[in-house]
Every structure is written in C-alpha cells, then in structure tokens.
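Give the three-dimensional model of this entry:
(chains A and B)
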Amino acid sequence: MTMGSTSAAPEEPISAPDEAPEYHLPPREWVKENLFNSKLNTVLTIVFGVLIAVVLFRATRFLFFTGRWEIVQVNLANYMVGRFPRGELHRIWIAVFIIASAAGMGSGISARRQRAEGIEPNRVASLKRAAPALLGLLVILSLTRTITPTLLVLTSFAIGAGGYVLGQRLPQKVGRRQWLLYLAAGALAYMALTQFGGVGYGSWGGLLLTLFVAAAAIVISFPFGVLLALGRRSSFPVVRIVCVAYIEMIRGVPLITLLFMSAQTLGFFLPPGMTRPQLITRGLVAFVLFAAAYVAEIVRGGLQSVPKGQTEAANALGLTPIKVTFLIVLPQALRNVIPALVGQFISLTKDTALLTFLAVVEILGVAQLVTSQPGFQGQGLQAEALTFAAFLFWIICYSMSRASQRLEKRLGVGER
Amino acid sequence: MTAVEQEPGYRDQTRPPLWRDVRVLRVVGQVVFLVLVGLVLWFLWSNFTTNARRTGLTTTFDFLNRPAGVDIRDSDFRPTQPVRDAIGVGLLNTVRVSIVGIALATILGIIIGVGRLSTNWLVRKSAAVYVETLRNIPVLLWIIFIYTAVILKLPAINNAAEWLGLTVFSNRGLVIPWGEGTGNVNAFLAALAVAFILAVAVGAWRTRRFDATGEPHHRVLWGTGVILLLGAAAYVALGAPVEPTVPLRDGRVVQGGIQLGPEYAALLIALVIYTASHIAEIVRGSIQAVPKGQTEAAQAIALTGFQRLRFVVLPQAFRIMVPPLANQYLNLTKNSSLALFIGYFDLTRVTQQAIANGNPAPQLILILMGCYLFLSLTISLFANIVNRSLALETR
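Numbering: from 1, shown residues only, chains lettered A, B, ... in the order given. Reported below is the predicted structural model:
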C-alpha cells in the first residue's frame, strides 16, 4: 500500500476517514444561516421556494392523481422482459437468483476484507446507498397485480443474504479473484436463460435487454480496448498510427451512425452466402466497436497513471516486455480505471436506448410501443409510458454512479 | 596487439542472432502487424465488392448528382435538387441546432454549476436534484419525451399559449420575438463587424497603456463602449435596419417573430437541458479544483468576494474547465444526430431518407461519418487553440 512513499510512517491499518464533526444548529439559526444570510439569498430563497412548490405540486398531481398508470401496470412484464416468452419466465428468476447470490457473496468478501483492514462496515451508509435501488424495487412491486413477484424478490434477497454469509467464510485466496466470481455468475445467468431449450437473446426485450447489451458490450469490448490502449502507447509507429486512427474515428462519430452502418451495410462486409445476423447481434456489433474506442481511452489514462519507475524497475529485473506489461503495468493501471469503467457502463446503459432505431424493443422501445396498443391507442398516454421508462433508467444509472463514486473513494484513485 | 586478438571487438561479441535482435524484431513486428491489418481490410473489401456486384449496388459516387427525392420541411429545398444539396441542407441544420444548443447549454450549465456551490441551501439542493435527474436519463428519452409529451401536447394553434403577448406556443411550434431586417441589414451587420474589430484594437491599446503606465485598463468597458457607440451610430445612419417583431396570432396564422418548428424546438430544449447537467458538473468540479490556498491568499490581501472570484478563482478554474467542456460540445453535436427519432431534418435524417429513396447505403454512411468527423475535428481544433492560449507557461 505504501509503494513509492519515502516517509517512515508506521504501517497502521487504514481506518475509515472521520466524518466531519456534526453539530446541529437549532432550527431558527439553521434557517437564518442557510436560507436568509444575505439580501440576495433571501430573494433567491423566495423565488426558488415558489418555483419548487409549483414543480412539486404539478409532479405530485401527475404521479398520484391525473397520471393514468394502468398502461404501466398492464405492461409491466413488457417493460421488464419485452417479448420474452411468458411460459419461460422461471428462467429469468433463476438468473436473478444466480446474480443475487453472486452479489451477496461479493459483498460478503468485501466486508470481510474491510474488517481485516480494520474498517467496520457502516450499515447506515450502505442502506443510504441502496436507497434508490430499493425505491425502484418498491415502485415496481407496487405496480404488480399478483403476490408472486414480491415473494420471488424476497426469496432472492434471502439467497443474497445466504451468499453474504458464505462470502465471509470463503478462504481469502478465493476473495482475491472477485471479478471472476461476477463473470462466472453472468455466464451462468446467461446459460440459465438461453441453454437447455431456453430463449435466445433475439426475443429478449425491455430492462433485460438493456442490461444485457450494456454488460455484453463492456465485457466483450474490454480486451479490445486494452489492446488498443497498449497499441496507442506502443513504440512501434505503425501500430500506434493504426490504433490512434481507429480510436479517434470512432470517437468522432455519433453512435447512431455506427448502428446505421451495422444495420444497413453489415451484410455487405460478410462473406457471400453467410446468413445476415439478427438485429440485436448487429446492434451489439456496433456497441462493441463503439465501446472499444472509449474503453481504450480510459485504459490509456490508467496506463499513464502508472509511475515510470515501475516499468524501469521491472526492466532492471530482466523481465521481458510482455511480462512487464501484463504483470507490472496493467494490473496497476486497471485498478485505477475501475470507476471510469463503471462510468462508461452507465453511459452505455443510457445509449442502449438507441437500439429502438433497429426496431429492437428495449425499455424505450416498449414505452413507445405500448401507447399504440389497442387498449391505449390515441389516448395520449405518452407521458406516463415514457416517465416509467425514464424512472427505470434513472434508478439503474443513479445507483451505479453512486457506487462508482464510492469505489473511487475506496480505491483512493488520484490520492497516491 | 595480442590483447586485442584475445578479446574480439565488442560488437562482434554481443551482436545477438537475428531472431533476437531488437532492431530487426521492431521492423519485422511492424511489417507483420501491417500485413495483418491489410489482410483484414482486404477481406472486408473483397466481400464488399463481391456482394455489391451480386446485388447490383453501385460502388461509385455518381448518385450525388441525381435528384434526391427528399422533401425537407422548413426549407427551400426541392425534391428535384441533387443528393449533394440535400446533404448540405442537412449539415446546415445540424450546425444550426448545435451552435444554438452549445451557447444555451453553456449559459444554463454555468448557472446551475455555480448554483451547486451557493451558500443558499435551497438553491444548492435544487441544483443537485436537477443534475442528478437530468444526467441519469438517456438524452434520447429526453428528446422523445419533450417532443411527444410536451411540445405535441401544447394547445392547438387556435388557442395557443400567448404569454405577455410575446410568445405563441402551440403544437405547431414555438414563435418568439425576433428582429426583422430591412434592406440595409447587411450593411448594418458589416458595421457591427467593423465595430467589433475596432473594439478588439481598442482593448489591445488599453492593455499596452496598462503595461506602460499602470493606470486601470478597463478593457471590457472600453470595448463594449466602442461596440455600442458605433452600433448605435450605424443603426441611426442606416435608418433602423433591424426592427423587433412580436408574433401576432390571427386565427390560425402567426405573423412576425421567429418560428421554431416543433421538432427543432424539442431537439434544442432536450439537448440543452441534458448537456447543461453535464456542464454544471464540470463547472462545479473546476471551481472546487482550485486549491483552497488561492482563495485564502486572496482573502489575506483583502480582495472582496467578487474580486476573489473574478481575478483568482475563475481564471484558474477556466483553465481546468476547457478540455472537458470541449468534450461536452462534441457530445452535443454528436447527440444532435438523434433528431432522426423525431423527424428533424439534420444530417442523419437526410441521409436516412436518401437511403430509403434507393441511394447506396455504404457510400452515404461513409459521407455521413466524414461530415461528423469534420465537425468533431473543427470543435477539437478550436478547443486546442483556446487551451493553448490558456495553458500555464512552464518549462
């Protein structure tokens, strides 16, 4: 941990930073201090007070009185899984259970490591962090019309808790490879959905498809991104030029043009006679091409943050260039870029909305389609349908961005 | 002499065999890489030509001169004009929404970013809620939401919202007050340009004066004065070349003002509010990134609150701000391609229409990408110039 530091500080376990001393002003004083401490602030408080009151009033009226949420209630399953065959829904729950157990195990492992480092898990803070996700879950469950989903969600919570307990007991060696655990869980969940007579991703939709495309794009593009980043920093000019050209070209054009290309012209670049891949695959190709360039730039930032002394020391030990890269530089670089990668994952999740262009029904596609259903056509329910889609996106992206902020703090990026 | 014979030359002794010589390996490695890349490209190209021949797709760019057959709303474009011109109109529309969007998003973003650092609790929290709501929802959803659930839900034209007699908002678009040019408007614009150049020159003169004598330079005051004075003189001399017009609705017809079509208005509003949330975060981050010692030092030499901000904090924050800000401008320009989904005729939409009318897709998409690359590079170029002029002069 104290790599590179020359100070002779004793190696104490790192303790959680002290919270700023909290002192509560009496309400009167607090109001005076925070709302009316100057003439300008008094005016601002009044103006904003009125504005917020109006917005809150209209939002409450829409959410609880004028909004007609039957359209969401009836189509909840469509929002979640799209055209996924309703007879196969149990597969989705199995996948949820697998992910829940992995998430539980992962947090169990982290909690134990933190305890070993002398940090007691802060339950209040964890609950606060999970609040948006829990809120989302509550809203979704409140829109269901049977009790089964609620019971199944509770079951997955129980499974997650079981995973947490197990994670705390796992040997420490296993804990070091946490990312392998998540990757394995993702692969298992994918198999549960598609294998053994399951449903290929061609008939997925809604939230399931959004998360799948974002996750698949980041996972598949990651190795390419790393290679591109290494290529961009290569001492071979030819390699460098090719990598820079690719990265800058992709970053210079909008994602929609890549989707366009993938949709309209992918067939032209495949060997004659090969069947054209299905729409989602074509979309995925565009997403991977796109994400690789952005991941490459993130990884490049990480590579630049590794002190030169590391490479020099490794060279002095007589390691080959490949060993220097993969054993010394990359592990340190990748550790630094995890928060930025989460950020990229968030923006990919938002970008999946563009899949509507390919007539693929992810969340936004569902929101647009349901307003033209026989029962709801021509009733002007776009606001309700789109608001719910926006809410789903918000829950996912907001929770993840909070998580990445926390990761950033915990990894101490930029503080070493 | 015998010593030399016993120890052969340094080079001969340590020259490694060819397959371990770094100098040879470097060349071989790059050649191999180049061959691999070439093979992949050749594979794609040969597939393309075979498929094109099989399906009868033209591989030339002759189609650019054929009639486009595209009907572009809100423009003088005729469907009989060639594809080349249609792309030009699309590019112009993209630029039109991007430039206005960038200007408005910057203003809104700075206001919200500063609001996040306000001492007023209410202002601070509302700014935070704005940022967290806006930026965690896809911009495409904002565009579609504002188009279908806000603009198209505005009242019909015959009972449009008319606020203070200045606006006519209806589901046919927004009409706002504007200036209308008469015959001399070009001369007036030229006069303004001259005034601007003069103002810059006066600013430079004030700077020299300040460097030589130390008297306050008041560059901004002098420059604004020159522009206002010359502008007013030209306005009077040319006989009021620009007149403000206010939209007036008579039944279903609106006269005066400037009309923003519903698609343009929705796209612009969505891009502005979404990008502003990102710009606000950049502004806040940059101000907070200025070391605290700077503010404290400014306090110690008794600068007032405004002076601290104007002369110490903001100049330093601005330097940090430029690269990420340029990135957001790029994003806004690229996101304007989402106009496709609501039918505003930007570059992407025009290209899509042209492809739908039977023009070859690969070439058109290549042109489309080229246009966006050109726009991106232009913005990057400007950003680099600004960045270089602001960079700290260190060795």
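
Just the pLDDT for the residue minimising distance to the centre of chain B.
Nearest to the mean C-alpha position of chain B, counting by C-alpha atoms, centre = their mean, stands B:Tyr329 at 3.9 Å. Per-residue pLDDT puts B:Tyr329 at 92.

Identify the residues contacting it.
Contact analysis of B:Tyr329 by C-beta atoms under 8 Å, 6 or more residues apart in numbering or on different chains lists B:Ile102, B:Ile379, B:Ala383. Just so you know, the C-beta spots here come from the backbone N, C-alpha and C atoms, and that holds for glycine as well.

same check, this time on A:Val213
A:Ile280, A:Gly283, A:Leu284, A:Phe287, A:Leu348, A:Thr352, A:Leu355, A:Glu362.

Quickly check the residues you listed for the two that are furthest apart.
A:Ile280 and A:Leu348 (14.8 Å; C-beta to C-beta).

Can you pull out the low-pLDDT segments for chain B?
B:1-14, B:74, B:164-165, B:183, B:392-395 (pLDDT under 70).

in it, which spans are strands?
Taking DSSP state E, the strands of chain B run over residues B:168-170, B:173-176, B:178-181, B:242-245, B:248-250, B:253-255, B:258-260.

who wins for proximity to chain A among the ones you listed?
Among the strands of chain B, the nearest to chain A by C-beta to the nearest C-beta is strand B:168-170 (15.9 Å).

Mind giving me the packing neighbours of that closest one?
Of the remaining helices and strands, those touching strand B:168-170 by 3 or more C-beta pairs under 8 Å, 6 or more residues apart in numbering or on different chains; DSSP states H and E are strand B:173-176.

Which strands and helices lie in contact with the strand it packs on?
Applying 3+ C-beta pairs under 8 Å, 6+ apart, one finds that strand B:173-176 contacts strand B:168-170, strand B:258-260, helix B:262-289.

Redo the ones you listed as JSON lines? Include mean neighbour count and distance to A:Phe224.
Formatted as JSON lines, the helices and strands packed on strand B:173-176 follow (neighbours: other C-beta atoms under 10 Å in any protein chain shown; distance: least, C-beta to C-beta, whole Å):
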{"stretch": "strand B:168-170", "mean neighbour count": "22", "distance to A:Phe224": "48"}
{"stretch": "strand B:258-260", "mean neighbour count": "17", "distance to A:Phe224": "42"}
{"stretch": "helix B:262-289", "mean neighbour count": "23", "distance to A:Phe224": "26"}
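
re the thing from before, might you specify the subset of the contacts of B:Tyr329 located within helices?
Residues of the contacts of B:Tyr329 located in helices (DSSP state H): B:Ile102, B:Ile379, B:Ala383.

who touches the last one in this structure?
Contacts of B:Ala383 were listed using C-beta under 8 Å, 6+ apart, and they are B:Val322, B:Pro323, B:Leu325, B:Ala326, B:Tyr329.

how far away is the second one from B:Thr49?
Here the distance between B:Pro323 and B:Thr49 works out to 42 Å (C-beta to C-beta, to the nearest Å).

Kindly list the longest helix within chain A.
Longest helix in chain A, counting by DSSP H: helix A:382-411.

for that helix, which positions count as buried?
Using 16 or more other C-beta atoms under 10 Å in any protein chain shown as the test for burial, helix A:382-411 gives A:382-404, A:408.

do the same with stretch A:288-302
A:288-300, A:302.

ok, now stretch A:55-73?
Under 16+ other C-beta under 10 Å, the buried positions of stretch A:55-73 are A:Gly67, A:Trp69, A:Ile71, A:Val72.

Mind checking which of those residues land in helices?
A:Ile71, A:Val72.

Out of the buried residues of stretch A:55-73, which comes closest to A:Val337?
A:Val72 (37.7 Å).

So that closest one versus A:Leu211, what's the distance?
19 Å.

and if you look at A:Pro321?
38 Å.

Out of those two, name the residue with the larger neighbour count.
A:Leu211 (17 against 12; other C-beta atoms under 10 Å in any protein chain shown).

can you pull the contacts of B:Pro310?
Slight slip there: residue B:310 is Arg, not Pro. For B:Arg310, counting by C-beta under 8 Å, 6+ apart, there are no contacting residues.

How much space separates it from A:Arg129?
To A:Arg129, B:Arg310 is 39 Å away according to C-beta to C-beta.

Figure out the length between the terminal residues of stretch B:178-190.
Distance across stretch B:178-190, first residue to last, is 19 Å (C-alpha to C-alpha, to the nearest Å).

Hmm, I typed the wrong one, I wanted stretch A:192-202.
End residues of stretch A:192-202 are separated by 15 Å (C-alpha to C-alpha).

Give me the buried positions along it.
Residues A:Ala192, A:Leu193, A:Val199, A:Tyr201 are the ones in stretch A:192-202 that count as buried (16+ other C-beta under 10 Å).

quick revisit: and the helices and strands packed on strand B:173-176: which comes nearest A:Leu51?
helix B:262-289 (15.2 Å).

That closest one close to chain A?
No - judged by C-beta under 8 Å from any C-beta of the partner chain, helix B:262-289 makes no contact with chain A; its nearest approach is 10.0 Å.

And that helix, how far out from the chain middle?
12 Å (C-alpha atoms, centre = their mean, to the nearest Å).

And that helix, what does it pack against?
helix B:83-115, helix B:121-135, helix B:139-144, strand B:173-176, helix B:314-335.

immediately after the strand or helix carrying A:Gln304, which helix or strand?
In this assignment (DSSP states H and E), A:Gln304 forms part of helix A:279-305. Under the assignment DSSP H and E, the closest C-terminal helix or strand after helix A:279-305 is helix A:308-316.

Please state the offset of the very next helix or strand once past that next one from the chain centre?
Counting by DSSP H and E, the next helix or strand C-terminal to helix A:308-316 is helix A:321-323. Relative to its chain's centre, helix A:321-323 lies at 32 Å (C-alpha atoms, centre = their mean).

Great, nothing more from me.
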